[in-house]
Each structure stands twice: as C-alpha cells, then as structure tokens.
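Q: 3D, please:
(chains A and B)
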Amino acid sequence: MNFRRDVFQAIADPTRRAILLLLATQSLTAGAIASHFQTARPTVSKHLQILTQCNLLYQEQNGREIHYRLNPHQMKEVDEFIAPFRKLWDDRFNKLEAIMQEHMKKQNPNQ
Amino acid sequence: MKLKTQVHANEGCQDLTVTREFNLPLEFLFKAYTDAELLAQWMGTTVTKLDCQPHGGYRFETRDKNGNVVFSANGTIHKFVPNKTIVRTFEMENSPFDVQLEFLEFESLTPETSKLTMHIVYRTITMRDQMLQLPFAQGINMAHNRLEEIFKTNNYE
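A: As a prediction, the model looks like this:
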C-alpha cells in the first residue's frame, strides 16, 4: 500500500523530533543516528522509515554509505505556525469524542 | 490521517476560529462542556469549579506528581444557552497572557453528529500570534529536553 503518512504523526513522537533536531545541522548515517539513542537500532530504523515516508528526510548515497538529510521544504509544513496549534486542538477533540462515545454507551447499553 | 479540526486565523487579526465536527449527538457534545467529571477527563486537568450559568465561572488546575501546580486557568461564563451557546472568558493564571473571550456555538448536523464553532478573541494581534505559536514552541522545547537527556545519559557533554 502506497500510504503517505501525515507530517503531524511524525512530529508527535519525541524521538522523531529529536532525530529531526539532530539532522538540522548535519547529515548522518542510520548507525550514527542510532548511536545517539538508547533505543534499539531497529526502533530507530522504524522512526527513520516513518520520517522518510513523510518526506521529512531523504536518503543520500555517499559512496557505500547512505546518509539521512533533512528536507527543509517539508519542514516548512511543520513550521507553518498554525499547524501545532491545530494538532493540539485536534488531539483534545479526539479525546472528547472518544470519552463521550464511551459515556454514551454506558448510558444506553442496549444501543 | 486528515485532521478533523480546522483553524482559521487571518493574518493581521486578533481573533481566530476553531471548528470541528463530532460523531456525537448534540446533547453529548454539549455535555462534555458542562459535566465537570467528563470535562476533566478530556481536558486532562482537574476541574476545581464549574458553574454553568450567566455570571457563573470555572477553574482548572493541573498538578505534577509532587503536588505542585503546573497549570491553572479560570474564566467567567457570560452567556449559557443549553445545547446552543456558551460565551466565556479564559485566562491562564501566572502567565504573561491576558484574558481572552470565547464564543462557543454548538449545532446539530444529524441525530448522530454535531458541530462546534469556537471563536476566540485576543487582546492584541501579537497576543493571538503568540498563543498560536505556543504549542510549536513547546514541541521544540520537549525535543530539546529529550536531546539533553540523551546526551547526558550517553556522556556526550
């Protein structure tokens, strides 16, 4: 499935935000990125995969090595100053919806 | 993953509008704002006061695990029409931000769905823009703190 992930999903995770910050000033290999984290290497790979799918990162062949680099164009979407505010309210309203749906079920157990 | 929430903030204005459609009947959407226990659950804070009537008011308080207050806010309710309108103020305590005015309009779309339109007016254009940027700044801060922790635990300092 060719599923393009959402940028906000990418920045919702603290490790992924840390990776983005790490790559803000340099391009690094997956191994070099993983060495900055206590998380298991496959977990870091998974984060890199998500960030790449969102076009926040792109891969660069450097001889035998693949370096990850920040895609500044896509970062603009994140930087667009309304985006995190909107995400905050969306999260909050999703929670409202879930809690009230649960509450409704309790009130009308037969429905 | 498309966000269901829309934010309209025109440049150079001191207000903004947040709209959202819910898979909830109108009464249940409205109840989320008037039942202290439910409000506390979705807002993720403690509701220390909730008096839903004209000249009534509310207050929120969030404490950390040591009991220190990390967030508190309060407001006055100016207009209260069940299943239709709440007009209220909102002010974060111990913050540089002035009080804001909020117009909440609730409407039924179908028997199972409803819509909320929240119009927020700030004191100045600058203050609106600062409030809009706050979650972005907090996100970056969190990332910074996390990086600091990582560097400390790995002795990169």
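Q: report pLDDT for residue 6.
A: By default, I'm working from chain A. A:D6 is assigned a predicted lDDT (pLDDT) of 66.
Q: ah, no, chain B please
A: Reading off the model, B:Q6 has pLDDT 91.
Q: quick check: beta-bridge partners of it?
A: B:Q6 has these beta-bridge partners by DSSP bridges: B:T19.
Q: cool, B:T113 as well?
A: Going by DSSP bridges, B:T113 forms beta bridges with B:T110.
Q: count the neighbours of it for me.
A: B:T113 has 14 neighbours, counted by other C-beta atoms under 10 Å in any protein chain shown. All C-beta atoms are positioned from the backbone trio N, CA, C, and that covers glycine.
Q: now do B:T48
A: By other C-beta under 10 Å, the residues close to B:T48 number 13.
Q: can you give me the pLDDT of it?
A: Residue-level pLDDT assigned to B:T48 equals 97.
Q: also A:N2?
A: Value for A:N2, per-residue pLDDT: 33.
Q: equivalent analysis for B:A36, please.
A: The model's pLDDT for B:A36 equals 97.
Q: and stretch B:106-116, what's its mean pLDDT?
A: On average, stretch B:106-116 scores 97.
Q: buried stuff in that stretch?
A: B:F106, B:S108, B:S114, B:L116 (16 or more other C-beta atoms under 10 Å in any protein chain shown).
Q: how about stretch B:68-78?
A: Across stretch B:68-78, burial judged by 16+ other C-beta under 10 Å covers B:F71, B:S72, B:A73, B:N74, B:G75, B:T76, B:I77, B:H78.
Q: quick check, nearest of the residues you listed to A:Q107?
A: B:I77 (25.1 Å; C-beta to C-beta).
Q: looks like the closest one contacts B:L101 (just checking).
A: No - applying C-beta atoms under 8 Å, one finds B:I77 not in contact with B:L101, separated by 11.8 Å.
Q: joint contacts of these two?
A: Common neighbours of B:I77 and B:L101, using C-beta atoms under 8 Å, 6 or more residues apart in numbering or on different chains, are B:V87, B:R88.
Q: now do the same contact list for residue 89.
A: No chain specified, so I'll use chain A. A:W89 touches B:T5, B:V7, B:V18, B:R20, counting by C-beta under 8 Å, 6+ apart.
Q: was after chain B, sorry
A: Contacts of B:T89 by C-beta under 8 Å, 6+ apart are B:G75, B:T76, B:H78, B:V99, B:Q100, B:L101, B:E102.
Q: having no further points to raise, I will conclude here.
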